[in-house]
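S.K.: here is the input, now give the coordinates:
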Amino acid sequence: MSVYLSEFLGTMVMILLGDGVVAGVLLKDSKAENAGWGVITWAWGLAVLMGIFVAAKSGAHMNPAITLAMAAIGKLSWSLVPGYIAAQMAGAFTGAVLVYLAYLAHWRGTDDPAKKLGIFCTIPAIRSFPANILTEVIGTFVLVYCVLAIGSNDLSKGIAPIAVALLVVVIGMCLGGPTGYAINPARDFGPRVAHALLPIPGKGGSDFAYAPVPIVGSIIGALLAAFAYTALAA
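M.R.: Next comes the predicted model:
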């Protein structure tokens, strides 16, 4: 398996399960309807865990911000970056399409277009681009700094994937409220494109005006975390 196929498959699995739990909680007449934020945050952590196992060969980035950060501090060749990011975006798009198919019977019965969009991508609780970007910067900083810490100390030997999954859970619970914690450009943009293209009954717009926020915020946060970890703890 090539590293690009690894990233594609890992990201696809992560999005299928991560967006899948949001669909289960939000769509009308799902057996998980109204299960709540706690279920979403825990399932997203487990979705990341499954993606890590699937994408182990490539380092399981599944996130363009992580890929850029690893390249910036010399942990990944820059020549691999375009292929990694393309695979992650394609995997996220494909995972979102599979969520649409898995819940095919439920879209028409759900009236709220915002719920349908929120299954695929993030929507801020309060729309303020500077504040939303700052939230994404902070959340992604925590993600990347802690991922680097987990990967470089003896305490996490043998449990690193579980530790990263728990990290995603706690970021969602503690920092996810303002923006829905994209902390990953592919996680937001690939499914947003899927939402725009799929024939979802009763959907509204895909809000591409907001799309730069999770991209810019997560990349800034990831780069700051990588440089900070290299300077302070490496």
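
S.K.: helix or strand: which one has the closest residue to residue 146 other than its chain neighbours?
M.R.: Spatial nearest neighbour of residue 146, excluding adjacent residues (C-beta to C-beta, 6 or more residues apart in numbering): residue 167 at 5.1 Å. Where you see a C-beta, it was placed from the backbone N, CA and C, and this is true even at glycine. For residue 167, the element it lies in under DSSP states H and E is helix 160-175.

S.K.: quick one, helices of the chain?
M.R.: Applying DSSP state H to the chain gives helices spanning 3-26, 37-54, 64-72, 81-102, 113-120, 129-150, 160-175, 185-197, 212-232.

S.K.: closest to residue 206 out of these?
M.R.: Among these, the nearest to residue 206 by C-beta to C-beta is helix 185-197 (4.0 Å).

S.K.: pLDDT (mean, whole number) over that closest one?
M.R.: Mean per-residue pLDDT for helix 185-197: 98.

S.K.: residues in contact with that helix?
M.R.: Contacts to helix 185-197, defined as C-beta atoms under 8 Å, 6 or more residues apart in numbering, come from residues 11, 14-15, 18-19, 62-65, 85, 88-93, 95-97, 99-100, 116-117, 120-122, 182, 203, 206-208, 211, 214-215, 218-219.

S.K.: against residue 139, how distant is the most centrally placed residue in the chain?
M.R.: Central residue of the chain (C-alpha atoms, centre = their mean): residue 187, 3.7 Å from the mean position. Using C-beta to C-beta, to the nearest Å, we find residue 187 at a distance of 12 Å from residue 139.

S.K.: in ChimeraX, select just the buried ones from the contacts of helix 185-197.
M.R.: With 16 or more other C-beta atoms under 10 Å as the burial test, the buried ones among the contacts of helix 185-197 are selected in ChimeraX as follows:
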select :11,14,15,18,19,62,63,64,65,85,88,89,90,91,92,93,95,96,97,99,100,116,117,120,121,122,182,203,206,207,211,214,215,218,219
